[in-house]
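K.L.:
need the 3D shape of this:
(one chain, ligands or ions: 1)
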Amino acid sequence: MKTNSQVQIDPNNLPQHIAIIMDGNGRWAKRRFMPRQIGHRAGMSSLKETVQTCSQLGISVLTVFAFSTENWKRPADEVNYLMKLLVEYIHKELDELHENKVQIHVLGDYSTIPEECKVEIERAIRLTKNNQGLIFNIALNYGSRQEILDATRHIAIDVVEGRLKPEEINDSLFSHRLYTYHVPDPDLLIRTAGEMRISNFLLWQIAYSEIVVTNVLWPDFRKNDLLAAIAEYQKRDRRFGGLSHKQEGSK
Ligand code: FPP
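P.N.:
Numbering: from 1, shown residues only. Below you'll find the predicted structure:
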């Protein structure tokens, strides 16, 4: 039986960084015999609620996958609609995000997206850059392999031009050359709509993230679904390749 009671979480064991693959907008619309665009629009409310909840809980970083380098393959109508939605989202939400001290970043090369969209994004980044609340990363025209190649190319140039020695290249240096140089790696990766895939999202950064896949479609994803994912994360025994406390005790 479905209840409305709020999922309980431990406020002392929150993930510092949550990353989300917001999937299922198309299926949500299809089930209602509606165009895919309506699913994306409905997904905007889920995004708004998720940002609010992360902010209220005191989560440090939220990263969402809004548009991938592969999403350009979708019909032009759908791509244009997604870009328009992003402009609308910033238009409607920016004041409130700013009041709540949210700091907005974009991960990915957004130089190739429509001008109107670029202008809004730059306005949002500029306005919120000194905010000290939730760091909200929007992955836009983002692909993780591209990000890794960009970092590698920059490192190679530094080596060739003598600013860096090959032996200085380590985990930390590489992490700081990625688009996510300003945040720690995600503790929790959530994927909605049930697929067991990473879809070229944060491949380097999720090495030790806990992954929660829910069957809930993104437009249906509400505060309680986020709390449920956090509760699931809190049940996990994070070992980072080592032993758990329990295992250590039995040795
Ligand atoms: C995946 O659903 C979702 C996207 C490609 C875009 C995500 C966009 C939003 C949630 C809209 C609001 C976002 C911003 C930043 C304003 P899908 O189309 O792949 O769904 P399907 O797998 O069911 O077809």
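K.L.:
ranges for the strands of the stretch 51-200 of the chain?
P.N.:
Using DSSP state E, counting those that start in this stretch, the strands found in the stretch 51-200 of the chain span residues 61-68, 103-107, 135-142, 188-191.
K.L.:
which ones are touching residue 206?
P.N.:
19, 185-186, 189, 198 (Cβ atoms under 8 Å, 6 or more residues apart in numbering). Using the backbone N, CA and C atoms, a C-beta is placed for each residue, glycine as well.
K.L.:
can we see that at 10 Å?
P.N.:
Counting by Cβ atoms under 10 Å, 6 or more residues apart in numbering, residue 206 touches 19, 144, 185-189, 198.
K.L.:
of all of the stretch 1-150 of the chain, which residue lies closest to the ligand?
P.N.:
Per Cβ to the nearest ligand atom, the residue of the stretch 1-150 of the chain with the smallest distance to the ligand is residue 26, at 2.4 Å.
K.L.:
which of the helices or strands spans that residue?
P.N.:
Assigned by DSSP states H and E, residue 26 belongs to helix 25-31.
K.L.:
now that helix: how far from the chain's centre is it?
P.N.:
Averaging C-alpha positions (Cα atoms, centre = their mean, to the nearest Å) puts helix 25-31 21 Å from its chain's average.
K.L.:
residue numbering should commence at 49 henceforth.
P.N.:
Fine by me, first position is 49 from now on; the one you just mentioned is helix 73-79.
K.L.:
if we can go back for a sec, of the strands of the stretch 99-248 of the chain, flag the one that's most buried.
P.N.:
Ranked by mean neighbour count, the strands of the stretch 99-248 of the chain are led by strand 236-239 with a mean of 26 (mean count of other Cβ atoms under 10 Å).
K.L.:
gap between it and the chain center?
P.N.:
In terms of Cα atoms, centre = their mean, the centre of strand 236-239 is set 8 Å apart from its chain centre.
K.L.:
just stretch 202-210 next, same as before
P.N.:
For stretch 202-210 - counting by Cα atoms, centre = their mean - the centre lies 30 Å from the chain centre.
K.L.:
just the terminal-to-terminal distance for stretch 114-132.
P.N.:
Stretch 114-132 stretches 12 Å from its first residue to its last (Cα to Cα, to the nearest Å).
K.L.:
in it, what's buried?
P.N.:
Buried residues in stretch 114-132, counted by 16 or more other Cβ atoms under 10 Å: 114-117, 119, 122, 127, 129-132.
K.L.:
quick one: is that stretch near the ligand?
P.N.:
Yes. Judged by Cβ under 6 Å from any ligand atom, stretch 114-132 comes into contact with the ligand at 114, 119, 130.
K.L.:
who are the neighbours in contact with the residue nearest to residue 261 when sequence neighbours are not counted?
P.N.:
Once flanking residues are discounted, residue 261 sits nearest to residue 239: 4.8 Å by Cβ to Cβ, 6 or more residues apart in numbering. Counting by Cβ under 10 Å, 6+ apart, residue 239 touches 67-72, 113, 245-247, 249, 259-262, 266, 277.
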